[in-house]
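Trainee: One predicted model, sequence on top.
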Amino acid sequence: MLQMFVKQSPVLASGGWGLVVITSLWYQRTTSTWRKMGFDSDVFQLLMRTKGGPTRVRLLRSLTTSKNRLELSRELGYDWNVIDRHIKILLKHGMIEEDTAYGNVKLYQLTGAGKKLMSLIEELQGADAHSVPPTEGKT
């Protein structure tokens with residue numbers, strides 16, 4: 001059925017291939033920019049190609065000042081367990097660090113790499129509105 005539709009609509013067929021080419025060029029440009037900034041493909045996958053990427057980008061954007069998990073949960077509108085899972089991932093990859101701890105409450109802040117990464121994401125977003133994942137939706 002799809003082949004019949006494509007045969008009847010060469011405009012849609014060429015448009016589909018155009019989308020593939022544009023996506024490929026965007027991917028190459030974006031990964032090249034990431035490598036120039038010193039980030040490897042794991043970080044690109046972590047923030048741009050995984051289901052939780054938009055949530056992690058929102059979390060990083062939220063850490064302009066030190067915050068604890070509960071503050072992040074309330075600010076971003078996610079369950080505390082979701083925030084906890086993403087914090088562990090970002091800690092593992094060195095994007096955030098524990099700032100201070102008060103009893104069981106830990107504050108988190110961006111590392112130098114996290115700040116550099118956020119400036120790169122903002123730069124890419126300014127250059128191309130489709131360069132970063134959408135920030136809507138819960139993950």
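Mentor: Thanks, I have it.
Trainee: Rounded mean pLDDT for the one helix or strand Arg74 maps to, please.
Mentor: Assigned by DSSP states H and E, Arg74 belongs to helix 69-76. Helix 69-76 comes out with an average pLDDT of 94.
Trainee: same check, this time on stretch 80-87
Mentor: 92.
Trainee: Render the CA-only coordinates of it in PDB, please.
Mentor: Extracted C-alpha coordinates of stretch 80-87, given in PDB (Å, rounded to 0.1, in the frame of the first residue of the first chain):
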ATOM      1  CA  TRP A  80      11.400  12.500  43.100                       C
ATOM      2  CA  ASN A  81      12.500   9.000  41.900                       C
ATOM      3  CA  VAL A  82      12.800  10.300  38.300                       C
ATOM      4  CA  ILE A  83      15.100  13.100  39.400                       C
ATOM      5  CA  ASP A  84      17.100  10.700  41.500                       C
ATOM      6  CA  ARG A  85      17.700   8.400  38.500                       C
ATOM      7  CA  HIS A  86      18.800  11.300  36.200                       C
ATOM      8  CA  ILE A  87      21.100  12.800  38.900                       C
END
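Trainee: And that stretch, what's buried?
Mentor: Buried residues in stretch 80-87, counted by 16 or more other CB atoms under 10 Å: Val82, Ile83, Arg85, His86, Ile87. Every C-beta, even on glycine, is put in place using the N, C-alpha and C of the backbone.
Trainee: what's near enough to touch the second one?
Mentor: The one in question is Ile83. Contact analysis of Ile83 by CB atoms under 8 Å, 6 or more residues apart in numbering lists Leu59, Arg69, Leu72, Ser73, Leu76.
Trainee: That one and Gly112: what is the separation?
Mentor: For Ile83, the distance to Gly112 equals 22 Å [CB to CB, to the nearest Å].
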